[in-house]
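K.L.:
Pasting a predicted model and its sequence here:
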Amino acid sequence: MSLAETLVETTAQTVSSPTTALPVTTAPGIEAWHVESPVVPMIALAFTFEGGAAQDPAGKAGCAQMLARLLDEGAGDLTSDLFQERLAARAIELSFHAGADAVGGSLKMLVKHADEGIALLALALAKPRLDPDAIERVRAQIIAGLRYQQNDPGVLASRRFFKEAFAGHPYARPSSGTVESVTAITRDDLLAMHARIIGRGRVKVAAVGAIGAEQLAEGLNRAFGTLPEAGALKAVPRTEVHDLGKRVVVDLDVPQSVIRFGMAGVPWRDPDFIPAYVLNHILGGGAFTSRLFQEVREKRGLAYSVGTSLVSHRSAAMTWGYTATKNERVGEALSVIGDEIGRLITDGPDDDELQKAKDYLTGSYALGFDTSTKIAHQLVQIAFEELGMDYIARRNAMVSAVTQADIRRAAARTFADGKMLVVAAGRPVGL
């Protein structure tokens, strides 16, 4: 076993070992990935339902996210206040969230309060009240947040980027919606979204903590087994980043422009994802060691922060980047970013740079598994992407095996000819 593999295993074992996850399947067909650990008398549960903001009705962006925020605002016979009081009385942590492709959540509780936690989760999923007063309160909170963001350069740049990158596609819509779209959402829209997404056959679950397989199966049945089968999801067609080479300005009277840029990407399920991940670390994913950090910030002082990441949705993938700089230096910053991408296309990293990237990515992997909650969320995401229960055990070996040929192939797929879609919010000079 390599040092990196030992680090992953020994660090994770302070809570539990994610490499020993086992399947637990119930009679109604609910399957969970289970890591049993008696170290701490707690249970962490993570779950995700296929279908998210991409399923929002036309003209009503933000519906999935509003539903997620309302699931714990009262359920069954419990009003919002009573539901929250029951959670607080047992220090049970229950939360829900919505992304582009999924609605999910997490539950954390002491073992002695597991029955209560499971009961409240089951109630929230199966019988959310969606009371009119709760809907209006949450709607007001969302709209207040949206109005607050209306002059935020980062938010405006990001929203415009997705609108341009995925024009005409569900991914072009902001998942949190707009003031107009959130205002238009009705209780019937929320009920329809709930029926379409929150169903027994569409959930992935991971459980970590001091609970045995038999107890977990019973809990899964109570939490998810009585849910009806979910309705049909709307098809979300495959797409890719549009208008590479285009530059868009969102005019704002601010001294510094916030920049978002993007290119093609590789989805997590693709065999080239790991090489693309290593390549991204070299370009802009390494916080202080990446080429962009060194060239844009350290050598030229053009920006305080700069970086890139891989975005993997169900029906699209991209390499996505960010920075911010003085209006008069936007052109210079983009030129430096383009030059570094060009160097990676033509020359690639040298062997030492590639090895350092792989060493960092394998050595730091264990940091994502230092709590039960982190392990549960990692496992459920891996299950959602259908990467296999042994992915965690295989992952570092795949990173270590990346070659220069793999990097060149990933660069050809993600960088292509080096053209980027660029959006700058501010008043950039010469863009």
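P.N.:
Right, received. Where do you want to start? Note that this is a predicted model, so its numbers are computed, not measured. Numbering: from 1, shown residues only.
K.L.:
Spit out the contact partners of residue 33.
P.N.:
21-24, 205-207, 379-380, 383, 389 (CB atoms under 8 Å, 6 or more residues apart in numbering). For glycine as for every other residue, the C-beta is placed from the backbone atoms N, C-alpha and C.
K.L.:
Now for residue 305, how many residues are close by?
P.N.:
Residue 305 is flanked by 12 other residues according to other CB atoms under 10 Å.
K.L.:
quick one, what contacts the closest residue to it other than its chain neighbours?
P.N.:
Nearest non-adjacent residue to residue 305, counting by CB to CB, 6 or more residues apart in numbering: residue 323, 6.7 Å away. Shown in contact with residue 323 (CB under 8 Å, 6+ apart): 259, 292, 296, 302-303, 305-307, 333, 337.
K.L.:
that older thread, buried ones among the contacts of residue 33?
P.N.:
Buried by 16 or more other CB atoms under 10 Å: 21, 24, 205-207, 379-380, 383, 389, out of the contacts of residue 33.
K.L.:
Would you enumerate the residues in contact with residue 343?
P.N.:
Residue 343 neighbours (CB under 8 Å, 6+ apart): residue 291.
K.L.:
Spell out which helix or strand contains it, please.
P.N.:
helix 330-346 (DSSP states H and E).
K.L.:
how about that helix: buried residues?
P.N.:
330-334, 336-337, 340-341, 344-345.
K.L.:
quick revisit: which two among the contacts of residue 33 are spaced furthest apart?
P.N.:
Checked with CB to CB, the contacts of residue 33 reach their widest spread between 22 and 380, with 14.7 Å between them.
K.L.:
Quick one: mean pLDDT for the helix holding residue 343?
P.N.:
Mean pLDDT, computed over helix 330-346, is 97.
K.L.:
Surely residue 250 is in a helix?
P.N.:
No. Per DSSP: H, G, I helix; E, B strand; the rest coil, residue 250 lies outside any helix segment and is strand.
K.L.:
Would you list the phi and psi of the residue lying closest to it once chain neighbours are set aside?
P.N.:
In this structure, residue 250 finds its nearest non-sequential neighbour in residue 425, 4.1 Å apart by CB to CB, 6+ apart. Main-chain torsions, residue 425, degrees, to the nearest 10: phi -100, psi 110.
K.L.:
Number of residues surrounding residue 425?
P.N.:
28.
K.L.:
how much space between it and residue 177?
P.N.:
As judged by CB to CB, to the nearest Å, residue 425 and residue 177 stand 19 Å apart.
K.L.:
Nearest the geometric middle of this structure, what residue?
P.N.:
Centroid check for the chain by CA atoms, centre = their mean gives residue 99 as the closest residue, at 6.9 Å.
K.L.:
I'd like the distance between the closest residue to that one other than its chain neighbours and residue 158.
P.N.:
Closest residue to residue 99 apart from its sequence neighbours, by CB to CB, 6+ apart: residue 52 at 4.9 Å. With distances taken as CB to CB, residue 52 is found 17 Å from residue 158.
K.L.:
go on, residue 21?
P.N.:
On the measure of CB to CB, residue 21 and residue 158 end up 34 Å apart.
K.L.:
which SS state does residue 269 fall under?
P.N.:
Under three-state DSSP, residue 269 comes out as coil.
K.L.:
Since that was my last question, I'll sign off now.
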